[in-house]
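> Predicted model and sequence below, questions to follow.
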Amino acid sequence: MIERDLSDPDGIITVRSSGDWTRAEIDEHFAALREIVASRRRNGDPIRVLSDLSSACTDDMGINDHILDECHRTYQPGDQVAILTPGPSSKRWLRERLRGSEVAAFSSRLPAEMWLMADDLPPPE
């Protein structure tokens, strides 16, 4: 399951994902997310996304690579994306894969939200 929540008063787009997903579900999610992001860009709003994968079960590297490809298609320089991971190994894996981008991996929500709201902090190493 993948759902998007736009109710955050600070404008953070929250994505909650759990279980395993098919490629079609991922494509559907990112198509909807790109529409939300495009609307925010047109309005001049900052793009801040908190993607909660802490309940995710996918270990399929093909699916994980597809998700990363979709992230690169969706986000632009200056967008801030924080990903909550299910554990330390997935956090390390994501940080390695995302090095040099403005996407950060976290293991808890509060630091992720704080990073999203701080405009001048680089992603943690």
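Cool, the structure landed. Residues are numbered from 1 along each chain as shown.

> Go through this protein and flag its longest strand.
strand 48-56 (DSSP state E).

> Identify the neighbouring strands of it in the sheet and state each direction.
Paired with strand 48-56 in the same sheet, following DSSP bridges, are strand 13-19 (parallel), strand 80-84 (parallel).

> how far does it sit from the chain's center?
6 Å (CA atoms, centre = their mean, to the nearest Å).

> who's in contact with that strand?
For strand 48-56, the surrounding residues in contact (CB atoms under 8 Å, 6 or more residues apart in numbering) are 10-20, 33, 37, 75, 79-86, 90, 109, 112-113, 116-117. C-betas here are computed from N, CA, C, even on glycine.

> redo that, cut-off 6 Å
The contact list for strand 48-56 (CB atoms under 6 Å, 6 or more residues apart in numbering) reads 12-18, 80-86, 112, 116.

> Mean confidence (pLDDT) on it, please.
Strand 48-56 shows an average pLDDT of 89 in the prediction.

> and the next element down the chain from that strand?
With elements assigned by DSSP states H and E, the helix or strand that comes after strand 48-56 is helix 61-74.

> Can I get that following helix in PDB? Just the C-alpha atoms.
Taking C-alpha atoms only, helix 61-74 is exported to PDB below (Å, rounded to 0.1, in the frame of the first residue of the first chain):
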ATOM      1  CA  MET A  61      16.600  -5.000  -5.700                       C
ATOM      2  CA  GLY A  62      14.900  -4.500  -9.100                       C
ATOM      3  CA  ILE A  63      11.900  -2.800  -7.300                       C
ATOM      4  CA  ASN A  64      14.300  -0.700  -5.200                       C
ATOM      5  CA  ASP A  65      16.300   0.400  -8.300                       C
ATOM      6  CA  HIS A  66      13.000   1.300 -10.000                       C
ATOM      7  CA  ILE A  67      11.900   3.400  -7.000                       C
ATOM      8  CA  LEU A  68      15.300   5.300  -7.100                       C
ATOM      9  CA  ASP A  69      14.800   5.800 -10.900                       C
ATOM     10  CA  GLU A  70      11.400   7.300 -10.200                       C
ATOM     11  CA  CYS A  71      12.800   9.500  -7.500                       C
ATOM     12  CA  HIS A  72      15.300  10.900 -10.000                       C
ATOM     13  CA  ARG A  73      12.500  11.500 -12.500                       C
ATOM     14  CA  THR A  74      10.300  13.300 -10.000                       C
END
